[in-house]
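*Asks:* Okay, sequence plus prediction incoming.
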Amino acid sequence: MTNETQQRLTKFQADNNVTTKGPLALVIQLTAIIAAQQPPWKSDDFLTENKGQVTGLGGGNLKKILAKHDITRTLASEGGRTSRGNMGLMIVERKIILPVGRN
């Protein structure tokens, strides 16, 4: 990871309070979801059919991702699915982690 990327992620974490369970669960899962998809990406790609939640979030999915990194403790039982503010955080994260021009 480049120093610039690290600085952007640190700023993103501080600016968006990604220190509590819900936002952290969202960021972990959304990063994995984005990594598995092909560009171009749009915010609507990450919304449920009714556009009320971020798609793919859940306790089971989060456990699978953490297990790949040998983490067995539970971070969030709902996996960030019900956290308020996740829709806005998803849009901000997508813009931060994706290369310019793919937003």
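*Replies:* Thanks, I have the structure now. Given the structure is predicted, the values throughout are model-derived calculations rather than measurements.
*Asks:* which residue is nearest the centroid of this protein?
*Replies:* In the chain, the residue lying closest to the centroid (Cα atoms, centre = their mean) is residue 27, at 2.5 Å.
*Asks:* From residue 69, how far out is that residue?
*Replies:* 14 Å (Cβ to Cβ, to the nearest Å). Just so you know, the C-beta spots here come from the backbone N, C-alpha and C atoms, and that holds for glycine as well.
*Asks:* thinking again about what came up before, and the residue nearest to the centre of the chain, backbone torsions?
*Replies:* For residue 27, the backbone dihedrals are phi -60, psi -40 (criterion: degrees, to the nearest 10).
*Asks:* and the gap between it and residue 50?
*Replies:* 23 Å.
*Asks:* repeat for residue 64
*Replies:* Distance from residue 64 to residue 50, by Cβ to Cβ: 24 Å.
*Asks:* of those two, who's got more company?
*Replies:* residue 64 (12 against 6; other Cβ atoms under 10 Å).
*Asks:* Give the full set of residues in contact with that one.
*Replies:* For residue 64, the contact set (Cβ atoms under 8 Å, 6 or more residues apart in numbering) is empty.
*Asks:* can you tell me how far it sits from residue 21?
*Replies:* 17 Å.
*Asks:* just residue 59 next, same as before
*Replies:* For residue 59 relative to residue 21 (Cβ to Cβ), the value is 11 Å.
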